[in-house]
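# coords below, sequence missing:
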C-alpha cells in the first residue's frame, strides 16, 4: 500500500470544536503534500460552506460536498451532481416534517428552508455566510434536489426519522446522520463512499492508494472504500469499529496525529 491521496471529513474531524483549523493540522497537511500525497475534503456541507477551507488551506484538488452528491472544483464550479428522484424527495420531506424536524433542501444552485428565522438556520448562515430561500408554499417542490436534510436538537427523534426514511425508501435513497442533529438524505449512490471514489477517479488515483479520515456514521461508506481509514477519537463506537485505526479527538489535534501516525508512514515517510 502506498498512499497518494488523503480525503478528510470536515466538521468533527479537520475542524476543532470552535470550527477552526489548528496549526498542527495545517502542518500535517503540508507534510502530506511534501510526501506527494494529494489532499482534499468531503463534507455534508454545501459547496459554499467549504469556501473558507479552500482559501485557508489553498486547496487545489476537487472537493466533495453534500456527502458526495456534488463534486466541485476549488472555485466551486460544478464537476458532477447526483440528484434525488423528485417524487422520492417530496415523500422524504413529508416524513421529515411528520416527525417534527425542520426541513432543509439543497438543489444544485440553492439552499431552501422551512423557517428562515430558526436558531439552526441562523447558526448555519453564520457558518456558511450564505442566506437561504424559503421553501415554496402550496406543494410546489423544487427540482434538481441534491440533498434533503432534517434538523432537530432531539437526537433520538432524528434517529427515529432516519429509521422511518430507510424503512420506506431503503433502495431509493442514502440516509445517515452527519451530526447527531442532522439527518442527511441523498440519492442512493451519493454517499461518502461514492464521493471518495469520485474524487479519486477524477484525479486519476486508485482507491488502493487513498486514505480517509472521519468521525460520523456518514463517513463509514468511505471507510469501506479506501485502502486506509482513520476514525477520530470523538467518533461513536460504531464509527471507530468501522475504521482500521483510531486517533485522538478533534479537541486534541486528532487529525494531525492521525496523519502523522498512520497516513505518512503508509506514504513512505517515517515520523
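Sure thing, it's come through. Just so it is clear, the model here is predicted, and its values are computed rather than measured.
# Give me the distance from the helix or strand that residue 176 is a member of to the chain's centre.
According to DSSP states H and E, residue 176 maps onto strand 174-179. Strand 174-179 sits 9 Å away from the centroid of its parent chain (Cα atoms, centre = their mean, to the nearest Å).
# Over to stretch 128-145?
21 Å.
# re earlier: and for whatever helix or strand comes next after the strand holding residue 176, what are the contacting residues?
Once the chain leaves strand 174-179, the next helix or strand it forms, by DSSP H and E, is strand 182-186. Under the contact criterion Cβ atoms under 8 Å, 6 or more residues apart in numbering, strand 182-186 has outside partners 44, 66-69, 82, 84, 92, 96, 101, 146-151, 158, 161-162, 165, 173-178, 218. Yep, even glycine has a C-beta here, placed from its N, CA and C like the rest.
# could you pull out the helices for the stretch 51-200 of the chain?
For the stretch 51-200 of the chain, the helices defined by DSSP state H, counting those that start in this stretch cover 51-57, 86-98, 119-128, 155-169, 192-203.
# Nearest to residue 36, out of those?
helix 192-203 (12.5 Å; Cβ to Cβ).
# Show me the contact partners of that closest one.
With contact meaning Cβ under 8 Å, 6+ apart, helix 192-203 is reached by 5, 7, 9, 38, 40, 42, 61-64, 67-69, 71, 79-80, 82, 206-207, 209-210, 212, 214, 218-222, 224-226.
# Now the buried members of those residues.
By the neighbour-count criterion of 16 or more other Cβ atoms under 10 Å, the contacts of helix 192-203 include these buried positions: 5, 7, 9, 38, 40, 42, 61-64, 67-69, 71, 82, 207, 209-210, 212, 214, 218-222, 225-226.
# Worst mean pLDDT among the helices of the stretch 51-200 of the chain?
Lowest mean pLDDT within the helices of the stretch 51-200 of the chain: helix 119-128, at a mean of 90.
# what about residue 252, neighbour count?
Residue 252: 16 surrounding residues under other Cβ atoms under 10 Å.
# Give me the pLDDT for the closest residue in space to it that isn't next to it in sequence.
Closest residue to residue 252 apart from its sequence neighbours, by Cβ to Cβ, 6 or more residues apart in numbering: residue 233 at 7.1 Å. You'll see residue 233 listed with a pLDDT of 98.
# Spell out for me which residue occupies the centre of the protein.
Closest residue to the average C-alpha location of the chain: residue 43 at 2.2 Å, with Cα atoms, centre = their mean.
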